[in-house]
Structure formats: C-alpha cells, structure tokens
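Peer 1: Next comes the sequence, and after it the predicted model I'd like to discuss.
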Amino acid sequence: MVIYSGHDTKIMQNKSNMRHKITSCEKSLNSFTLYIMVFNLTVILGLAIMGGYFFEEERRFHWYIFWPQQESDSDSIMLYSTIRFFSYFILLNTIIPISLLISLDMAKFFQSTMMSHDAKMNHPDLPFRVQNTLVNEDLGAVQYVFSDKTGTLTDNSMEFKRCTI
C-alpha cells in the first residue's frame with residue numbers, strides 16, 4: 001500500500017515556482033522604457049487632439065487637402081483625430097529604445113564569451129564556464145563573503161590569494 005505519492009509527498013507540497021531573476025540594470029532599463037512609452041503616448045495624444053482642432057478650424061481654408069466626409073462634424077473630427085493618432089504612433093514609435101535592449105544583450109553575451117576564454121580565470125582542475133549571461137552583473141553585486149573560521153572545510157589552511165576592487 002502506497003500512502004504518500006503524487007501531490008501528497010513532502011517534496012511536492014514544498015515545491016514552489018521558480019522566480020525570474022532580474023538584475024538592477026534590467027529593472028532600471030524596464031522602468032526607463034515604461035516612462036518613455038508613457039511620454040510617447042502623451043505626446044501622440046496631444047498631437048492627435050491638436051490635429052482635430054486644426055481640422056475643425058482650418059479645413060474650410062484648405063480646399064486642396066482631402067478631408068473625409070461624415071454625417072456630422074463631430075464624427076468627422078473624431079475620425080480625423082483617430083487617423084492622426086495612429087499616424088503619429090507609427091511615426092514616433094522609434095522613440096522607444098528597443099535597440100538598446102538588443103545591444104545590451106549582445107554586450108552581455110560578448111563579455112560572457114570573453115570571460116570563458118580568459119586563461120587567467122581557468123583553474124587546472126576546474127575550467128571556468130559561463131552558464132548565464134548575467135554573470136558579469138552578478139560579480140559586481142557581491143554583498144557578502146562567507147569564510148570558514150572553524151576549519152572544518154579547509155583544514156585550517158586559509159590563504160588570502162587576492163582581492164580586486
């Protein structure tokens with residue numbers, strides 16, 4: 001008879017979803033991109049409203065510009081403002097720095113490759129291997145260094161090799 005199996009086991013009950021690790025640089029870049037997007041939408045909305053105002057005030061003086069005809073003036077102004085909104089959205093979408101994210105990922109990949117091929121970082125018994133492109137940012141964010149004062153792990157032979165700051 002099996003009592004603890006499947007989701008009733010201790011390991012399955014203590015299992016939790018893995019968190020997505022994100023660096024402080026990526027957090028600030030995401031918030032920066034969000035601020036730019038809000039600014040971009042604000043500018044686009046303002047330009048669309050001003051375009052609607054221009055459409056209402058100036059269309060009778062500019063006979064050579066094609067204006068869509070609607071049943072009422074308010075429908076015509078709304079249609080023109082909507083067209084202007086999407087036109088400015090397409091025109092001003094280059095403000096959002098998508099290429100910055102790609103350039104940052106390429107730089108992380110290049111730095112990780114250079115770190116894995118560096119001869120000074122390899123040990124004869126254990127070669128250095130980069131398993132994550134965030135390793136260079138993680139190396140700069142070390143907050144705590146643990147040491148073995150009791151000697152249980154190192155047989156009381158602690159030698160200071162080097163420190164680089």
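Peer 2: In hand now; what should we look at?

Peer 1: quick one, what contacts the nearest residue to Leu100 once chain neighbours are set aside?
Peer 2: The shortest distance from Leu100 to any non-neighbouring residue, by CB to CB, 6 or more residues apart in numbering, is to Leu29 (7.2 Å). C-beta: built from backbone N, CA, C; applies to glycine. For Leu29, the contacting residues are Leu100, Leu101, Leu104, by CB atoms under 8 Å, 6 or more residues apart in numbering.

Peer 1: List the buried residues for the host helix or strand of Leu29?
Peer 2: Take DSSP states H and E as the rule and Leu29 turns out to sit in helix 24-58. Neighbour-count burial for helix 24-58 flags Leu29, Asn40, Ile44, Leu47, Ala48, Gly51, Gly52, Phe55 (criterion: 16 or more other CB atoms under 10 Å).

Peer 1: quick one: the helices in this structure?
Peer 2: For the chain, the helices defined by DSSP state H occupy 10-13, 24-58, 73-92, 98-116, 135-139.

Peer 1: Just the CA atoms of the fourth one, as PDB, please.
Peer 2: To tie it back to what came earlier, the one meant is helix 98-116. Extracted C-alpha coordinates of helix 98-116, given in PDB (Å, rounded to 0.1, in the frame of the first residue of the first chain):
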ATOM      1  CA  ILE A  98      14.200  48.500 -28.500                       C
ATOM      2  CA  SER A  99      17.700  48.500 -30.000                       C
ATOM      3  CA  LEU A 100      19.100  49.400 -26.600                       C
ATOM      4  CA  LEU A 101      17.800  46.200 -25.100                       C
ATOM      5  CA  ILE A 102      19.300  44.200 -28.000                       C
ATOM      6  CA  SER A 103      22.600  46.000 -27.700                       C
ATOM      7  CA  LEU A 104      22.700  45.300 -24.000                       C
ATOM      8  CA  ASP A 105      22.100  41.600 -24.500                       C
ATOM      9  CA  MET A 106      24.700  41.400 -27.200                       C
ATOM     10  CA  ALA A 107      27.300  43.100 -24.900                       C
ATOM     11  CA  LYS A 108      26.400  40.700 -22.100                       C
ATOM     12  CA  PHE A 109      26.900  37.700 -24.500                       C
ATOM     13  CA  PHE A 110      30.300  39.100 -25.700                       C
ATOM     14  CA  GLN A 111      31.500  39.700 -22.200                       C
ATOM     15  CA  SER A 112      30.500  36.200 -21.100                       C
ATOM     16  CA  THR A 113      32.300  34.700 -24.100                       C
ATOM     17  CA  MET A 114      35.400  36.700 -23.300                       C
ATOM     18  CA  MET A 115      35.300  35.600 -19.600                       C
ATOM     19  CA  SER A 116      35.000  31.900 -20.600                       C
END
